[in-house]
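**Student:** Provide a 3D model corresponding to the input given below.
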Amino acid sequence: MNNFTYYVPTKVYFGKGQISHLVELKESGSKVLLVYGGGSIKKLGIYNTVMALLRKIGLNIYELPGIEPNPRIESVRKGVQLCKENKIDMVLAVGGGSVIDAAKVIAGGAVYGGDPWSLVIHPQYILKALPVYTVLTLSATGSEMNGNAVISDLKAHEKWGTYSPFFKPKMSICDPEYTYSVSAKQTASGTADIMSHTFENYFTTVPGGFLQEKFCESVLMTCIKYGPAALEDPKDYEARAALMWASSNAINGLLNAGTGVAWCVHPMEHELSAFYDITHGEGLAILTPHWMRFALNDDTVVKFANYGRNVWGIFGGDDYEVANAAIDRTAEFFTKELHIPGTLREVGIEDDKYFREMAAKAAAGSKGSFVPLTAEDVEGIYRAAL
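**Tutor:** Numbering: from 1, shown residues only. As a prediction, the model looks like this:
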């Protein structure tokens, strides 16, 4: 196991009614930028609750609605401008990972002299940020408990992840009831996203991570158990709570502390989203089984077999038989139990026009991953998924 530093400063208030703790924002100043997406938080009454609590403690509230599912740099720039013009003290994100990601880069851009896109492609420029607070409404990205953010410049077909410890939220409200109204598509995509984060941590070449491996397997089993349950009954509190906590822990550093390697499926999917603006979780679910089949070889078969036996309970047969059965089971889970499309054509990608360009970027962004990937390898995975 490698040396590591594990630091998660986010105070998490988890459970019913925890939104009352928003009154703690007063410790960060008097002006807050409220960042959110579409109209769902207003329809659900969350917006009114948040506004009432912020007014109760006398905060001056500025708003930035309309954050996109793949958050755009244009929206980030608007938020940065609002912060600078009004001398904002903190940023509050109410929504899912896209809203939180945008809020983080806005918080960094508010105290940065250049264009916030520089903070996306050059995270070393992030030297400070405004305090970030979150109210989570979708279990997926884990942004409520980490320093990661993914922002898109669709005009340039660019989608990149950035990271800074300054982006880690100061406080996050995680009330599973706020995910009751999440659509079946978003619930399924979110579950696939959680699983993909976990796969990226699970498939590692670093030895000695027995505990991390078991953490990963438990998160995967949680998704397998509770993803379909949440689809069957959207108001199943136990299912929603399990997925929400799995989401946070899948990517807060716990699962890969000391064993992390570069990610590969996420860079591949980021290119899909950058060029075609598809749903992130769906893209991950489509690509993952094809990446697994490519990655399966004599050096990796034991890891895949362990995955099959420990997560799916597949016994009998040699390692290759178990590994292949586990990959098949993964694909079936995404398509038959989460009802996610199984091919790129099903999400509107009709040809391979951009595959070569996308593959070159994805391969460059995944150097040092579990199995080395060339641009040709990535292009082959895209074609297999088409």
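**Student:** quick one, what contacts the residue nearest to the spatial centre of the chain?
**Tutor:** For the chain, residue 141 is the residue whose C-alpha lies nearest the centre (Cα atoms, centre = their mean; 2.3 Å). Residue 141 makes contact with 96, 97, 98, 100, 101, 148, 150, 193, 247, 251, according to Cβ atoms under 8 Å, 6 or more residues apart in numbering. For the C-beta atoms, the positions are set from N, CA and C on the backbone; glycine is no exception.
**Student:** who wins for most neighbours among those residues?
**Tutor:** residue 100 (33 neighbours; other Cβ atoms under 10 Å).
**Student:** I'd assumed residue 162 was in contact with residue 123.
**Tutor:** Yes - assessed by Cβ atoms under 8 Å, residue 123 is found in contact with residue 162 at 4.5 Å.
**Student:** who's more crowded, the two?
**Tutor:** Taking other Cβ under 10 Å, residue 123 and residue 162 do not tie; residue 162 has more neighbours (25 against 18).
**Student:** is it correct that the more buried one falls within a strand?
**Tutor:** Yes - the assignment for residue 162 is a strand, going by DSSP: H, G, I helix; E, B strand; the rest coil.
**Student:** state the distance from it to residue 101.
**Tutor:** Separation of residue 162 from residue 101 (Cβ to Cβ, to the nearest Å) stands at 9 Å.
**Student:** shared neighbours, those two?
**Tutor:** With Cβ under 8 Å, 6+ apart as the test, residue 162 and residue 101 both reach 148, 149, 150, 151.
**Student:** give me the neighbour count for residue 127.
**Tutor:** Other residues near residue 127 come to 11 when the count uses other Cβ under 10 Å.
**Student:** and if you look at residue 299?
**Tutor:** Residue 299 has 11 neighbours, counted by other Cβ under 10 Å.
**Student:** for the chain, what spans make up the helices?
**Tutor:** 40-43, 46-56, 73-86, 97-109, 117-121, 184-202, 210-232, 237-250, 265-276, 280-295, 301-311, 319-332, 355-364, 375-385 (DSSP state H).
**Student:** among those helices, which comes closest to residue 129?
**Tutor:** Closest approach to residue 129 among those (Cβ to Cβ): helix 97-109, 4.2 Å.
**Student:** tell me the gap between the closest one and the middle of its chain.
**Tutor:** Offset of helix 97-109 from its chain centre (Cα atoms, centre = their mean, to the nearest Å): 13 Å.
**Student:** please save the CA atoms from that helix in PDB.
**Tutor:** Output of helix 97-109 as PDB, limited to C-alpha atoms (Å, rounded to 0.1, in the frame of the first residue of the first chain):
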ATOM      1  CA  GLY A  97     -23.400  16.900  -8.700                       C
ATOM      2  CA  SER A  98     -23.600  19.200 -11.700                       C
ATOM      3  CA  VAL A  99     -24.800  22.100  -9.600                       C
ATOM      4  CA  ILE A 100     -22.200  21.400  -6.900                       C
ATOM      5  CA  ASP A 101     -19.400  21.100  -9.400                       C
ATOM      6  CA  ALA A 102     -20.400  24.500 -10.900                       C
ATOM      7  CA  ALA A 103     -20.500  26.000  -7.400                       C
ATOM      8  CA  LYS A 104     -17.000  24.800  -6.600                       C
ATOM      9  CA  VAL A 105     -15.400  26.300  -9.700                       C
ATOM     10  CA  ILE A 106     -17.500  29.500  -9.200                       C
ATOM     11  CA  ALA A 107     -16.100  29.600  -5.600                       C
ATOM     12  CA  GLY A 108     -12.600  29.300  -6.900                       C
ATOM     13  CA  GLY A 109     -13.100  31.700  -9.800                       C
END
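**Student:** which strands and helices sit next to it?
**Tutor:** With contacts taken as 3 or more Cβ pairs under 8 Å, 6 or more residues apart in numbering; DSSP states H and E, helix 97-109 sits against strand 31-36, helix 73-86, strand 90-95, helix 117-121, strand 132-136, strand 148-153.
**Student:** tell me which of the ones you listed sits most buried.
**Tutor:** Among those, strand 132-136 has the highest mean neighbour count (mean count of other Cβ atoms under 10 Å), at a mean of 29.
**Student:** show residues contacting that one.
**Tutor:** Residues from elsewhere that reach strand 132-136 (Cβ under 8 Å, 6+ apart): 19, 22, 25, 28, 46, 50, 90-96, 100, 103-104, 107, 143-144, 167-175, 178-179, 244.
**Student:** in the helix or strand bottoming out on mean pLDDT in the chain, which residues are buried?
**Tutor:** One helix or strand of the chain scores below all others by mean pLDDT, DSSP states H and E: helix 40-43, with a mean of 92. By neighbour count on 16 or more other Cβ atoms under 10 Å, the buried set for helix 40-43 is 40, 41.
**Student:** for stretch 154-166, same thing?
**Tutor:** Within stretch 154-166, the residues that qualify as buried are 154, 157, 158, 159, 160, 161, 162, 164, 166, counting by 16+ other Cβ under 10 Å.
**Student:** again with stretch 237-246
**Tutor:** Neighbour-count burial for stretch 237-246 flags 239, 240, 241, 242, 243, 244, 245, 246 (criterion: 16+ other Cβ under 10 Å).
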